[in-house]
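Participant: A predicted structure for the sequence below; I have some questions about it.
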Amino acid sequence: MKKNIFLLSITLSFFFFFGAGCVSIGPGRGSQGVFKSVDRGEKWLQKANLVSLKGGENIASVNVESLVFDPQDSGALYLGTKENGIFLSIDAGDKWQKIERLPAGSVNAIAVHPKASHIVYVAVGNRIFRSSNCCRAWENIYLETKEETEVVEIVIHPIFQNVIYAGLTDGRLIKSDNSGYGWSTVHEFGGRIRQILINSKNPNIIYVFHDGGGAFKSEDAGQSWISLSENLKDFSGGNEVNKAIFIPAFTDGLITTNRYGLLLTQDGGRTWSAYKLLTSPGAAEIKTLAIDPFNSNVIYYISGATLYKTINGGANWMTKSIPSKQKVNDLIVDPVNSNILYLTYQKEPKKYGF
């Protein structure tokens, strides 16, 4: 009985802190949102239960822009959407709660402080917001005044957490040295920033990938930049990176998914090799990939409605169907329990004439 009262008090506190679920996603099931596998992609379950005083609501049809873990608790997940704001789960996706007090707009990026979980940064359209009290209140710490320019990436420095990097759609990389209260331009790249990666083993190393075939690296915390395009010239479209991930087994190793396929570097981008896939180079559109944080031989990628998986570093690939034919947004592996995968979707754009 005491346990039931304790759980009830937690649930009521959840409502008071984050609002009363006043988002109306609607009843029924959609084919977007978040799916979860607890057996490395063998089976998937949609995780769409919305905690709401109204009841009967879910987030099955949301268009997902970003899904991130709390670095101190992999059971805590933040979900950013294109039209419906941001949601939080504290039980590994089983239930979601709408986070209130943020303005309308696409939640393009989320970053949770690696040492202080109560501090969260969110990019909504052309603004960056910061909460220092577990998302109960927000302050606008950056406003982009350039027309039709949005903030699409936020990354917190792994050691000096007052240092924040953000990427914009016009190609600018900006930086704050004081937790977001002042910003300066680090570099202007040639297209929309797609991804910013800081090497936790050597935080002076930063990678930036942008639209239009841009792959760059800095070895001095952003003071100077080296183009990786020359090193990728043997792989057509290899510098058009959709997603890159660090390989835990190497000090400065990366796998990237790009127009060519999957490429590997073990030496910080100086030399590259291609994984032998089941499809010919350039024949399949690969939007996302993931790697087991404890076993670098286990790699996943998605093309079309199929999950490709290797357990031996790419020597052989297995295929599994994924639960929806909508547009895949991302695939991520739980950083604590690598049996758990999350797959996020957006609504496939309508094509005229069909």
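Facilitator: Good, I have the coordinates. Residues are numbered from 1 along each chain as shown.
Participant: what's next to stretch 147-159, contact-wise?
Facilitator: Residues outside stretch 147-159 that contact it (CB atoms under 8 Å, 6 or more residues apart in numbering): 106, 108-114, 121-123, 125-128, 142, 144, 163-170, 192-198, 200, 203. C-beta: built from backbone N, CA, C; applies to glycine.
Participant: and if we set it to 6 Å?
Facilitator: Contact with stretch 147-159 is made by 108-109, 111, 121, 123, 125-126, 128, 163-170, 193, 196, 198, 200, 203, as judged by CB atoms under 6 Å, 6 or more residues apart in numbering.
Participant: if I look at Asn126, how far off is Val120?
Facilitator: 19 Å (CB to CB, to the nearest Å).
Participant: comparing these two, which residue is more hemmed in?
Facilitator: Val120 (25 against 19; other CB atoms under 10 Å).
Participant: so what's that one scoring on pLDDT?
Facilitator: Listed pLDDT for Val120 reads 98.
Participant: what's the closest non-adjacent residue to it?
Facilitator: Spatial nearest neighbour of Val120, chain neighbours left out: Ser131 (4.9 Å); criterion: CB to CB, 6 or more residues apart in numbering.
Participant: can you count the residues close to the one you found?
Facilitator: Counted with other CB under 10 Å, Ser131 comes out at 18.
Participant: hmm, back to that, select only the buried ones of the contacts of stretch 147-159 in PyMOL?
Facilitator: Restricted to buried positions by 16 or more other CB atoms under 10 Å, the PyMOL selection for these reads:
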select buried, resi 108+109+111+121+123+125+126+128+163+164+165+166+167+168+169+170+193+196+198
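Participant: identify those among the contacts of stretch 147-159 that sit within strands.
Facilitator: 108-109, 111, 121, 123, 128, 164-168, 193, 196, 198 (DSSP state E).
Participant: of those residues, closest to Gln326?
Facilitator: Among those, Asn108 lies closest to Gln326 (CB to CB), at 19.1 Å.
Participant: that closest one against Ala123, yeah?
Facilitator: Yes: shown here, Asn108 and Ala123 form a contact pair, counting by CB atoms under 6 Å, at 4.6 Å.
Participant: what segments of the stretch 151-300 of the chain are strands?
Facilitator: Per DSSP state E, counting those that start in this stretch, the stretch 151-300 of the chain carries strands over the ranges 151-156, 164-168, 172-176, 184-188, 193-198, 206-210, 214-218, 226-227, 241-246, 254-258, 262-265, 273-274, 286-292, 295-303.
Participant: can you redo these as TSV with distance to Leu50?
Facilitator: TSV is the format used below for those (distance: least, CB to CB, whole Å):
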stretch	distance to Leu50
strand 151-156	25
strand 164-168	29
strand 172-176	33
strand 184-188	39
strand 193-198	30
strand 206-210	34
strand 214-218	38
strand 226-227	45
strand 241-246	28
strand 254-258	32
strand 262-265	36
strand 273-274	43
strand 286-292	25
strand 295-303	26
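Participant: closest to Gly75 out of these?
Facilitator: strand 286-292 (18.3 Å).
Participant: list the buried residues for that closest one?
Facilitator: Going by neighbour count (16+ other CB under 10 Å), the buried part of strand 286-292 is 286-292.
Participant: repeat that for stretch 133-149.
Facilitator: 135, 138, 141-142, 144, 149.
Participant: I figured Phe235 hits Gly261, correct?
Facilitator: No: when contacts are counted by CB under 6 Å, Phe235 is not listed as touching Gly261 (7.9 Å).
Participant: quick check on these two: which one has the bigger neighbour count.
Facilitator: Gly261 (24 against 20).
Participant: quick one, phi/psi of the more buried one?
Facilitator: The phi/psi pair for Gly261 (degrees, to the nearest 10) reads phi 160, psi -120.
Participant: shouldn't it be in contact with Lys276?
Facilitator: No: checked against CB under 6 Å, the pair Gly261 and Lys276 is beyond contact range at 8.9 Å.
Participant: and Gly19, what pLDDT?
Facilitator: 38.
Participant: the protein: helices as residue ranges?
Facilitator: Taking DSSP state H as the criterion, the chain carries its helices at 2-18.
Participant: so it: which segments form each domain?
Facilitator: 48-227, 238-348 (automatic domain parsing).
Participant: out of those, which comes closest to Asp39?
Facilitator: Among the domains of the chain, domain 238-348 comes nearest to Asp39, with 6.2 Å by CB to CB.
Participant: quick one: distance of that closest one to the chain centre.
Facilitator: 14 Å (CA atoms, centre = their mean, to the nearest Å).
Participant: what of stretch 106-120?
Facilitator: 12 Å.
Participant: show me the two of the buried residues of strand 286-292 that sit farthest apart.
Facilitator: Longest span within the buried residues of strand 286-292, CB to CB: Lys287 and Asp292, 19.4 Å.
Participant: make a markdown table from the strands of the stretch 151-300 of the chain and add mean pLDDT and distance to Leu341 to it.
Facilitator: Shown next, in a markdown table, are the strands of the stretch 151-300 of the chain (pLDDT from 0 to 100; distance: least, CB to CB, whole Å):
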| stretch | mean pLDDT | distance to Leu341 |
| --- | --- | --- |
| strand 151-156 | 98 | 22 |
| strand 164-168 | 98 | 26 |
| strand 172-176 | 98 | 30 |
| strand 184-188 | 97 | 33 |
| strand 193-198 | 97 | 20 |
| strand 206-210 | 97 | 23 |
| strand 214-218 | 96 | 26 |
| strand 226-227 | 96 | 33 |
| strand 241-246 | 96 | 14 |
| strand 254-258 | 97 | 16 |
| strand 262-265 | 98 | 18 |
| strand 273-274 | 97 | 24 |
| strand 286-292 | 95 | 7 |
| strand 295-303 | 96 | 7 |
